[in-house]
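> Turn this into a structure:
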Amino acid sequence: MKRENELNENYRKNGAITLIALVITIIILLILAGVVINFVINGGIIDKARACN
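Here you go, the predicted structure:
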């Protein structure tokens, strides 16, 4: 029974770390997506591409 409790505690700790890592990864991806979208819209990349034609 003691071994079973240790396994459950390890699983909870690892699961929590995995969840935190997932949340941090999603936040970083959202920030990067916002920067890229801002650069595309305000950087005039689309207008520059149209001007090249």
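> isn't residue 46 right up against residue 39?
No: contact status for residue 46 versus residue 39: not in contact, 10.9 Å apart, counting by Cβ atoms under 8 Å. No exception for glycine: its C-beta is placed from N, CA and C like everyone else's.
> Show the average pLDDT along the helix or strand residue 34 falls within.
Using DSSP states H and E, residue 34 maps to helix 2-42. Taken as a whole, helix 2-42 has an average pLDDT of 82.
> quick thing: my sequence starts at 29, can you match it?
Sure, I'll start counting at 29 from here, so that last one is helix 30-70.
> Apart from its chain neighbours, what residue comes closest to residue 74?
residue 68 (6.7 Å; Cβ to Cβ, 6 or more residues apart in numbering).
> now for the strand or helix carrying residue 75, which elements pack on it?
Assigned by DSSP H and E, residue 75 belongs to helix 73-80. Judged by 3 or more Cβ pairs under 8 Å, 6 or more residues apart in numbering; DSSP states H and E, helix 73-80 is in contact with no other helix or strand.
> Residues contacting that helix, please?
67-68 (Cβ atoms under 8 Å, 6 or more residues apart in numbering).
> how about 7 Å then?
residue 68 (Cβ atoms under 7 Å, 6 or more residues apart in numbering).
> Can I get that helix in CSV? Just the C-alpha atoms.
The C-alpha trace of helix 73-80 is given here as CSV (Å, rounded to 0.1, in the frame of the first residue of the first chain):
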residue,chain,number,x,y,z
ILE,A,73,4.9,43.0,-45.8
ILE,A,74,1.6,42.4,-47.7
ASP,A,75,1.9,45.8,-49.4
LYS,A,76,5.5,45.2,-50.3
ALA,A,77,4.7,41.9,-51.8
ARG,A,78,1.9,43.4,-53.9
ALA,A,79,4.3,46.2,-55.0
CYS,A,80,6.8,43.6,-56.3
